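>>> sequence and predicted structure, then a few things I'm wondering about:
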Amino acid sequence: VLERRGRVLGEDHPSTLASASNLATTLDALRKHVEARRMHEDVLERCRRVLGEDHSDTLASASNFASTLHSLRQYPEAAGLLKEVRASYVRHFGAKHPKTELATRNLATVLIAMGRTHEAQQLTGRKSDKGKRRFGRKRR
């Protein structure tokens, strides 16, 4: 599909970019993270150039790329991308929009992987379950 769309529609057509992004995501799911990383990076660069920084497909591409970076344990780069994605969603949709909340949770996951649990908690407004009683309140 990617080859055919590239040939018929052109390499930078939105449908071709969507197919390339889907293939990169599939490669990531198959644990071919290095190959997926290269493809995601290329797709994101082209989406930014063709569609613009704040286009929904560009933001989805950045999120997918961040997921692959997380798989590769390249946490600082993943966090940087997710901060950009989240900031764009906050600007356009507000903090309570489902896309913003998903980007926030994804960013928090990366921050936790980096050992920045407190920052993740501040971002999500959730406290860690550590220190809570396992079975609720103490009975008398």
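That came through fine.
>>> nearest residue to the middle of the chain?
Nearest residue to the geometric centre of the chain (C-alpha atoms, centre = their mean): Ser63, 2.2 Å.
>>> Ser92 contacts Asp54, correct?
For residue 92 the amino acid is His, not Ser. Yes: using C-beta atoms under 8 Å, His92 is in contact with Asp54, at 6.6 Å. Every residue, glycine included, has its C-beta placed from N, CA and C.
>>> roughly how far does Arg37 sit from Ser67?
From Arg37 over to Ser67 the distance is 10 Å, taken as C-beta to C-beta, to the nearest Å.
>>> more neighbours: which of these two?
Using other C-beta atoms under 10 Å as the criterion, Arg37 and Ser67 rank with Ser67 on top: 23 against 20.
>>> surely the more buried one touches Asp28?
Yes: judged on C-beta under 8 Å, Ser67 makes contact with Asp28 at a distance of 6.6 Å.
>>> any stretches of this structure with poor pLDDT?
127-140 (pLDDT under 70).
>>> show me where the protein has helices.
Along the chain, counting by DSSP state H, helices occupy 2-9, 14-29, 33-51, 56-71, 75-93, 98-113, 117-124.
>>> return the most buried member of those helices.
Across the helices of the chain, averaging neighbours per residue (mean count of other C-beta atoms under 10 Å) puts helix 56-71 on top, at a mean of 22.
>>> what's the spacing between that one and its chain's center?
How far helix 56-71 lies from its chain's middle: 4 Å, per C-alpha atoms, centre = their mean, to the nearest Å.
>>> and that helix with helix 33-51, angle?
Helix 56-71 runs at 160 degrees relative to helix 33-51, counting by axes from the mean of the first three to the mean of the last three C-alpha atoms, to 10 degrees.
>>> for the closest residue to Ser63 other than its chain neighbours, give me its contacts.
The shortest distance from Ser63 to any non-neighbouring residue, by C-beta to C-beta, 6 or more residues apart in numbering, is to Val85 (5.5 Å). Counting by C-beta atoms under 8 Å, 6 or more residues apart in numbering, Val85 touches Leu59, Ala62, Ser63, Ala66, Ala103.
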